[in-house]
Structure formats: structure tokens, C-alpha cells
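Asks: sharing a model prediction with you, sequence too.
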Amino acid sequence: AQTVTQSQPEMSVQEAETVTLSCTYDTSESDYYLFWYKQPPSRQMILVIRQEAYKQQNATENRFSVNFQKAAKSFSLKISDSQLGDAAMYFCAYRRNAGGTSYGKLTFGQGTILTVHP
Amino acid sequence: GAVVSQHPSWVICKSGTSVKIECRSLDFQATTMFWYRQFPKQSLMLMATSNEGSKATYEQGVEKDKFLINHASLTLSTLTVTSAHPEDSSFYICSALRTSGGLTTDTQYFGPGTRLTVL
């Protein structure tokens, strides 16, 4: 079974600074997808960024970028120029690329609470 | 982006009663929906995968008879908590899988969640 581990329960950053959230995963699959979701105090889950395992290039979305190390099974999220609105709980998630009755199923990490200080 | 709604957003009920939570994909059809449970400051725990027109697939340890899932249409899935008890109090989140004919861009979109309190 796949597992996703976020070893940082809490992180903090000063506004305008950069912060990196860590995520490691364990899988025997070679074809899969990785995601970072954000859950602000409203508790609405928001997709931040996604990475296809077959792509070597790291995904970027504006101020958000990932460092995907497939061999090390590591998938960290870097937030640049942090803003107060970035404060949230961040979840790393894994999805295998396969069909069946559980197609699309996500495995989540434990989450990291990010605090942004003004 | 794709929109998924949940109703109600919060509900308080007495112990022993049943509660139904609706999950709707508003601007796309979803063959597959998922139901999660989340405790404060914890991760999402997948309860079951709901497939339109077929029986839901429950995760290990989730009671099928207690958490009834019905996915009667491509835009609606419901979760019914039967004979609710205080330990069922939690935050329930649904998601809908938006497919585009290619695995690469298939994405789960989440509802805003339902807070259930059982007295």
C-alpha cells in the first residue's frame, strides 16, 4: 500500500519570505501523480499544484513550485513571497495511475499547518 | 474551476437519528465521488468511493450499514449516517472526480464540507 508522510506538523514563515514544506511517499508503482492541496480555515480543499511522475520537470504555479525527486520519493512544496492568505493546512497527496473501482483515489499525508507572520 | 457543493454545511441531530448529506457537482458530471471524514487538525480519512450506478466501495473499518452511500446520478451522491451517535460527530467532506478523457488531467474537486454534531 502507498503511504505519504509529512514530517513537519507545523511551519511558520515571515510574509514575503520563502518556505518549503516536505513530503515523502512510498510506492512500488512507477506511474502515479502527486498533489499539494491547501485547506484554509474555511476548510475548503484547494488544489495548489500537481506533478506527473513521468515528467522530470518540476511543476510550477505562480509562487508555488515543487522539487520532485523520484528516486528519493520526495515531493516538497516551495512557496515564494509568502502572503498572509497562504496560511492554511497543506496536504501532500498521491494517486496511482490505474483504473478500477477506486480510480482517482487519493492517499493523503498528515498535513502541515503553515502560519504566516506579518 | 469546477464547483462541488455540499448540503447542509452544518447539522445538529439527536443521538439515534439519521442524517443525510448531499454532494453535488454543479458544472460537470462525475462518475466517481469520494467521501472523507476529518477530525480537527488531522488529515482526511477516505471512507468510501462512490460510483454512479453501482455499489460504493468502502475502506477497511468503515461500517457499510452505518454510512450509506447512494450515487444515483452523475451529479449527486449522498451519505446517510444512520442511527447517529456522538462518536459520529465530525467534519465530512465529499469530492468529485472530473475526468477529461485522459488520466493526466483528471482531478478531484472538493466540496466545502459538512460539520455534523450528534448530541
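Replies: That came through fine.
Asks: just for the chain, where's the confidence low?
Replies: No chain was given, so I picked chain A. Within chain A, the stretches with pLDDT under 70 are A:99-102.
Asks: should've been chain B
Replies: Chain B contains residues with pLDDT under 70 at B:1, B:101-105.
Asks: the same query, at a cut-off of 90, please.
Replies: For chain B, the stretches with pLDDT under 90 are B:1-2, B:31, B:41, B:51-55, B:72, B:98-108.
Asks: for it, what lies in contact range of chain A?
Replies: B:32, B:34, B:38, B:41-44, B:46, B:49, B:51, B:54, B:57, B:91, B:93, B:95, B:97, B:99, B:103-104, B:106-110, B:112-113 (Cβ under 8 Å from any Cβ of the partner chain). Bear in mind the C-beta positions are built from the backbone N, C-alpha and C, glycine included.
Asks: which residue packs closest to the residue in chain B that chain A sits nearest to, ignoring adjacent ones?
Replies: Using Cβ to the nearest Cβ, the closest approach of chain B to chain A is made by B:Phe110 at 3.7 Å. Of all residues not flanking B:Phe110 in the chain, A:Met45 sits nearest, at 3.7 Å (Cβ to Cβ, 6 or more residues apart in numbering or on different chains).
Asks: those strands in the chain, which residues are they?
Replies: Using chain A here. Using DSSP state E, the strands of chain A run over A:3-5, A:10-14, A:19-21, A:24-26, A:32-39, A:46-52, A:60-61, A:64-69, A:74-79, A:88-96, A:107-108, A:112-117.
Asks: try chain B instead
Replies: B:4-7, B:10-13, B:19-25, B:32-38, B:44-51, B:57-58, B:67-73, B:76-81, B:90-98, B:107-110, B:114-118.
Asks: of those, which approaches A:Ser80 most closely?
Replies: strand B:107-110 (23.6 Å; Cβ to Cβ).
Asks: give the pairing partners of the closest one; include direction for each.
Replies: Its sheet considered, strand B:107-110 pairs with strand B:90-98 (antiparallel) by DSSP bridges.
Asks: that older thread, now the residue nearest to B:Phe110: phi and psi?
Replies: Backbone torsions for A:Met45, taken as degrees, to the nearest 10, come to phi -80, psi 130.
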